[in-house]
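Enquirer: Provide a 3D model corresponding to the input given below.
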Amino acid sequence: MKLDEVKTLIKVCAGQMDACYGKTVFDEWSVISLAENKARILAYVGPRNDDFLKNFANDLGSLREELLGANYGAGDFAFARHATGTRFEAFMVLGQAIYLICNNTRESMDTIAKDPKWLNAQVPFAELGDKLRVNPLLITSDTQFFKKES
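Expert: Have a look, this model is predicted:
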């Protein structure tokens, strides 16, 4: 899959999650590459365009061990139940060293998960993972880094 296709799937997923939950689940979505031990933004939607990469290492928080230490494949994901503020709540593997980072900058994952509507809101997220398992994101030489999204 190409980056534009993945961005479209993420937008659809975000809309479906928000509709199921009744309000915004994640107000920050970013596709990042960690290839060659460099964090590069491939796409970003959220309130912190200028601060996202600058604070990336700190905001990774408790997801750092999961993201960097585990052997995940495309479509796999993890949540950080106690992340707060700008600390990232979730990630999904999109392809080789490419991740979707999800965050709610106003509420913790623990708070979100306490709402019974969270169970249904997870379904589109899991379905996104299923799509990426069979067709992961591939970065090509024409992929542009640091392109701001609206």
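
Enquirer: how close does Arg48 sit to Asn55?
Expert: 8 Å (CB to CB, to the nearest Å). The way it works is simple: take the backbone N, C-alpha and C, and place the C-beta from them, glycine included.

Enquirer: how far off centre is the helix or strand hosting Ile112?
Expert: Assigned by DSSP states H and E, Ile112 belongs to helix 109-114. On the basis of CA atoms, centre = their mean, to the nearest Å, helix 109-114 sits 17 Å off its chain's mean C-alpha point.

Enquirer: next SSE downstream of it?
Expert: For helix 109-114, the following helix or strand on the C-terminal side (DSSP H and E) is helix 118-134.

Enquirer: next, show the common contact partners of Arg48 and Asn55.
Expert: Common neighbours of Arg48 and Asn55, using CB atoms under 8 Å, 6 or more residues apart in numbering, are Thr86.

Enquirer: looking at these two, which is more packed in?
Expert: Higher neighbour count among Arg48 and Asn55: Arg48, with 17 against 13, using other CB atoms under 10 Å.

Enquirer: my guess is the more buried one meets Trp29, correct?
Expert: No - counting by CB atoms under 8 Å, Arg48 does not reach Trp29; the two are 11.6 Å apart.

Enquirer: hmm, who's touching the helix-or-strand element of the chain with minimal mean pLDDT?
Expert: In the chain, the helix or strand scored least confidently by mean pLDDT, DSSP states H and E is helix 63-69, which has a mean of 74. Identification of contacts with helix 63-69 by CB under 8 Å, 6+ apart yields Leu34, Leu60, Ala78, Ala80, Ala83, Phe88, Ala90, Phe91, Tyr99.

Enquirer: PyMOL command for the buried members of those residues?
Expert: Those of these that count as buried under 16 or more other CB atoms under 10 Å are selected in PyMOL with:
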select buried, resi 60+78+80+83+88+90+91+99
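
Enquirer: just after the least confident helix or strand of the chain, pick out the following helix or strand.
Expert: Downstream of helix 63-69, the next assigned helix or strand under DSSP H and E is strand 77-79.

Enquirer: now do that following strand, average pLDDT.
Expert: Across strand 77-79, the average pLDDT comes to 87.

Enquirer: quick one: distance of that strand to the chain centre.
Expert: Computed by CA atoms, centre = their mean, the chain-centroid distance of strand 77-79 equals 9 Å.
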